[in-house]
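*Asks:* Return atomic coordinates for the entry below.
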Amino acid sequence: MTASQFVAFDLGAESGRTILGTLQDQRLSLRELSRFPNGMINILGHSHWDVFRLFEQMKNGLRLCASELTGKPDSISVDTWGVDFALLAEDGSFLGLPFAYRDSRTEGMMDEFYKLISRKRVYELTGIQMLPFNSLYQLFAMSRARSPLLQTASDILFMPDVFNYLLTGEMKSEFTFATTSQIYNPTKGNWDGELLAALEIPGTKLQEIVSPGATIGRLHQTQARDTGVAQVPVIACASHDTGSAVAAVPAQGKEWAYLSSGTWSLMGVEMTSPVLTEQAYELNFTNEGGVAGTFRFLKNIMGLWLVQQCKKSWDKSTPVSYDELTRLAEAASPFSFLVDPDDMSFLNPADMPEAIRAFCARTGQQTPESHGDIVRCALESLAFKYRFVLERLQQIYPHAIRTLHVIGGGAKSELLNQFTANATGLPVIAGPTEATAIGNIMVQALGLGHVSSLAEIRAIVRDSFEPVSYEPREIEKWDRAYSRFTTMLAQVSQ
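*Replies:* Numbers count the residues shown, from 1 in each chain. Sure, this is the predicted structure:
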């Protein structure tokens, strides 16, 4: 069978990559062509994304592709982090750099918006969990401030749509990403007019929504000349990175949950339709679009952001590797300190170690001082939050959850994976670590007819990548500590 080759751009909040996927004889192999840093940039006190620098890095990846392939790739696709967007003028030019979701301008915007449309009504319309950085509240912050950029804008493009536009010149919005915005109505299958009216934003500023696997267009001739890559199709993958990652979960049947583990942790199950019940609203679960008409019923958890930001703070004085931090955490005393990873004080603090110490002090605990104590606190607290969310997920999901699949970069964290198995009492199957790139590539293959279904995608993933399994240990000790954790959560929620 002739090999098919696909280029995946996987853009995360911390780094981006160009991945070449080769599909042959129902096996997929990956090769990383380039990796480049990403991160928020501060401009006059506001956080932004430098999309033009990122796009230059993507073009460098295409140049490497052109120099290393004897033929041309079958297609190209882009996935990114969620909720952020760019504003374009009528002539197609950009109105400034996109804001980053951790920017402070959305503080208080949820409560202000609920004066126009109630919190419960927003959930009824969208099925999306209430998070202060959702696109809805970002747009409301701009609308409320009478932003001249928003008023001037002819088009709103979400982040993967931005790069698809730069690649092709075509403007579309992809389904899985559109659903994360909290302005998409899954019952109507389109942007919600009631929410747009409250935002005072015409629906004409938003784009036609296309399904995962749809062709956006072909690589624009200017980009083809600049990179040496032929004018191949640019495909809409599941362009919200978690959507791509979940498509690559190597699971069978229905008795499983997933944990997409990285800067953010996203824990959920796969449903055939959105869950818009009172219970789902009260528990603040979200319904995000998936591949082949599925919905990802999940909850966001702060994730490895806590450890990443601790390392960033410590590196200012004495650089330390993640391997060393893991060794120190493993050697630290268990269950000495606990935090709620989703406390808003951890969203974007100037000093994450100090924020963790402050939380411990506020909740009547001793304060962790050493690197090992702080990292162990973060990892144990994450594992306990996974159990907390999983218990509530099981209240709604109609099938027993007997296995937890951990995918994404966090699947490489042996210590966190073992903690997760211990805390949840479930076997953890870790991998593939490159789930997002794999899902990106396999949805391209689906769109071009090389595979026929989501089930076939997952069968190929199972046959192509070897997972690592973790069995629960010391369950009684973890149960006792979990009781302390839930008591602490109840305390901070009062």
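*Asks:* Report pLDDT for the nearest residue to residue 394 once chain neighbours are set aside.
*Replies:* Closest residue to residue 394 apart from its sequence neighbours, by CB to CB, 6 or more residues apart in numbering: residue 401 at 5.6 Å. Where C-beta positions appear, they are placed from N, C-alpha and C, glycine not excepted. Looking at residue 401, its pLDDT is 98.
*Asks:* Tell me how many other residues surround residue 401.
*Replies:* Using other CB atoms under 10 Å, the number of residues around residue 401 comes to 17.
*Asks:* now swap in residue 222 and tell me
*Replies:* 9.
*Asks:* Same check on residue 332?
*Replies:* 20.
*Asks:* is it true that the residue nearest to residue 394 touches residue 257?
*Replies:* Yes. Residue 401 is within contact range of residue 257, at 4.8 Å (criterion: CB atoms under 8 Å).
*Asks:* Show residues contacting stretch 447-457.
*Replies:* The contact list for stretch 447-457 (CB atoms under 8 Å, 6 or more residues apart in numbering) reads 4, 23, 74-75, 212-215, 233, 235-236, 247-248, 291-292, 294, 439, 442-443, 445-446, 460.
*Asks:* send the alpha carbons of stretch 397-410 over as CSV?
*Replies:* Extracted in CSV, the C-alpha atoms of stretch 397-410 (Å, rounded to 0.1, in the frame of the first residue of the first chain):
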residue,chain,number,x,y,z
TYR,A,397,-22.4,9.1,32.6
PRO,A,398,-24.8,6.1,32.0
HIS,A,399,-22.0,3.6,31.9
ALA,A,400,-19.5,2.4,34.5
ILE,A,401,-16.1,3.9,34.2
ARG,A,402,-13.5,1.1,34.6
THR,A,403,-10.4,2.6,32.9
LEU,A,404,-8.9,6.0,32.7
HIS,A,405,-6.9,6.8,29.5
VAL,A,406,-4.3,9.5,30.0
ILE,A,407,-3.2,11.2,26.7
GLY,A,408,-1.0,14.1,25.8
GLY,A,409,2.3,15.4,27.2
GLY,A,410,1.3,14.6,30.8
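*Asks:* Now intersect the contacts of stretch 447-457 with the helices, please.
*Replies:* Among the contacts of stretch 447-457, the residues falling in helices (DSSP state H) are 247, 439, 442-443, 445-446, 460.
*Asks:* what secondary structure does the residue nearest to residue 394 sit in?
*Replies:* Of the three states, residue 401 takes coil under DSSP: H, G, I helix; E, B strand; the rest coil.
*Asks:* Which stretches in the stretch 51-200 of the chain count as helices?
*Replies:* 51-68, 109-113, 119-126, 135-144, 148-152, 159-168, 175-180, 193-199 (DSSP state H, counting those that start in this stretch).
*Asks:* hey, which of these is tucked in deepest?
*Replies:* Burial of those is given as mean neighbour count (mean count of other CB atoms under 10 Å); helix 175-180 ranks first at a mean of 27.
*Asks:* Output the contacting helices and strands for that one.
*Replies:* Contacts defined by 3 or more CB pairs under 8 Å, 6 or more residues apart in numbering; DSSP states H and E place helix 175-180 against helix 159-168, strand 209-210, strand 286-289.
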